[in-house]
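[1] From the sequence below, what's the structure:
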Amino acid sequence: MPTKEAPLVTLAAGRRLPKGKRGGIELLLVHAVEHLGKQGEVVEVKRGYAYNFLLPQGLATIATDHHKRMVEKHRAKLEEIARERLAGLRAVLEELVRTSVTIEANANDEGHLYGSVGAAEISRSLKQQDLMVSPEQIILQGPLKEVGLYTVRVRLANEVEGDLKVWVVPSSSDAVAK
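    Here you go, the predicted model:
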């Protein structure tokens, strides 16, 4: 006997996807998708977006009652994993805040750099101190173009961000040449 589920939409490949209240396709997100939803949420999207992007990329699956029950069972475990991840990121941030980074760069007599110092150089310097921070996690207002002390924002996650002290000093070869 058929159950009272959402009406199904048949696609060209013969797949049947549940139709949502607003005429879109109901999917269960397997991974978080920016500007759409978090992992485990049921979302309604347009047919082409579901069929051409979310399903082939493995970002979502059909929102059946079975899949919904499975997500509810694992939601607590997923939340615990997320809490542990955030706790680890906060510990890394505490170490970052206590740390300062010194970057040598070629500069003229007035302290202007011949190039600039960017997020990639700061990230490389942090990796030498066994702190793994990607250049995308370092937020600069612009490239650092002068010798001096800078406060740089580091965002490890949405809720985990802090300041890092960055010293830009003239390279030792400049000091020897003078």
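
[2] From now on I want contacts and neighbour counts done on CA atoms only, so please keep to that.
    Will do.

[3] Remind me which helix or strand Lys68 belongs to.
    helix 65-98 (DSSP states H and E).

[4] and what of Glu161?
    strand 160-170.

[5] buried stuff in that strand?
    Glu161, Gly162, Asp163, Leu164, Lys165, Val166, Trp167, Val168, Val169, Pro170 (16 or more other CA atoms under 10 Å).

[6] got it, and stretch 70-86?
    Quick answer for stretch 70-86 (16+ other CA under 10 Å): Val71, Leu86.

[7] Quick check on the residue most central in space within the chain: phi, psi?
    The centre of the chain sits closest to Ala157, judged by CA atoms, centre = their mean, with a distance of 6.6 Å. The phi/psi pair for Ala157 (degrees, to the nearest 10) reads phi -160, psi 170.

[8] how close does it get to Asn106?
    Ala157 sits 33 Å away from Asn106, going by CA to CA, to the nearest Å.

[9] Repeat that for Asp130.
    Taken as CA to CA, the span from Asp130 to Asn106 is 25 Å.

[10] Name the residue in the two with the higher neighbour count.
    Asn106 (20 against 9; other CA atoms under 10 Å).

[11] the domain parsing of this protein - what is it?
    Using automatic domain parsing, the domain parsing of the chain gives 8-63, 89-177.

[12] now those domains in a markdown table, with distance to Arg75?
    Compiled in a markdown table, those are given as follows (distance: least, CA to CA, whole Å):
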| stretch | distance to Arg75 |
| --- | --- |
| domain 8-63 | 8 |
| domain 89-177 | 20 |
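
[13] If you average pLDDT over each of these, which is lowest?
    For these, mean pLDDT drops lowest on domain 8-63, to a mean of 81.

[14] what's the spacing between it and its chain's center?
    Distance of domain 8-63 from its chain centroid, counting by CA atoms, centre = their mean, to the nearest Å, is 22 Å.
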